[in-house]
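Asker: Sequence plus the predicted model coming up.
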Amino acid sequence: TDIQEIEILFAYLSQLGVDGLLVSPAYSFIGVNPEFFLSREEIKTKFTRLTGNGLHFNFFSTPLYLSFLRGERSYDCTPWANPTRNPHGWRSPCYQIVDTHYPTFREMMTHTDWERYGVGKDPRCAQCMMHCGFEPTVVSEIGKSWKDIWEMMIWNMT
């Protein structure tokens, strides 16, 4: 999608009184034509423009995640942090990639080799920057920097 079309959509939604926008980039994965999706570098370029356009959209995505999308910081994926359950069971390892389904949450957590997944580990994860795996990492990393704690406090209060 052209960045101007996204800006027009976000401006229109803001005029309608939408409280905020939760953004996350789509990425290419097996079974879908890769030309429809963005690479990590294209995601960084698009989100740099989208969040630095001076229009000040109200994003529900955390400022640290948006910084990650712009390529200003690096995070590892935490795939188990947003588990998905559907009629087939608990989807492993995440809602974008399915290797198997487990009947119980406990089985999914104990039988999935979590160390196998993530950028640089599984080729299916190579372009991923989805909120489902990286926003939880923001939460787990927040206590490592007073600057990040302060930024998140300000974001939560405004």
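Answerer: Everything's here; your move. Just so you know, these numbers come straight off a predicted model, no measurement behind them.

Asker: And the host helix or strand of Tyr12, what's buried?
Answerer: Per DSSP states H and E, Tyr12 falls inside helix 3-15. When neighbours are counted by 16 or more other C-beta atoms under 10 Å, the buried residues of helix 3-15 are found to be 6, 10, 14. Just so you know, the C-beta spots here come from the backbone N, C-alpha and C atoms, and that holds for glycine as well.

Asker: okay, now Pro83: neighbour count?
Answerer: For Pro83, the neighbour count with other C-beta atoms under 10 Å is 18.

Asker: Excluding covalently adjacent residues, which one is nearest to it?
Answerer: Taking C-beta to C-beta, 6 or more residues apart in numbering, and ignoring the residues beside it in sequence, Pro83 has Trp90 as its nearest neighbour in space, at 6.1 Å.

Asker: who's in contact with the host helix or strand of the one you found?
Answerer: Under the criterion of DSSP H and E, Trp90 resides in strand 89-93. By C-beta atoms under 8 Å, 6 or more residues apart in numbering, the surrounding residues in contact with strand 89-93 are 79-80, 83-85, 98-105, 107-108, 111-112, 114, 116-117.

Asker: Quick one, which of those residues are buried?
Answerer: Neighbour-count burial within those applies to 79-80, 83-84, 101-102, 108, 112, 117; the criterion is 16+ other C-beta under 10 Å.

Asker: Much appreciated, bye for now.
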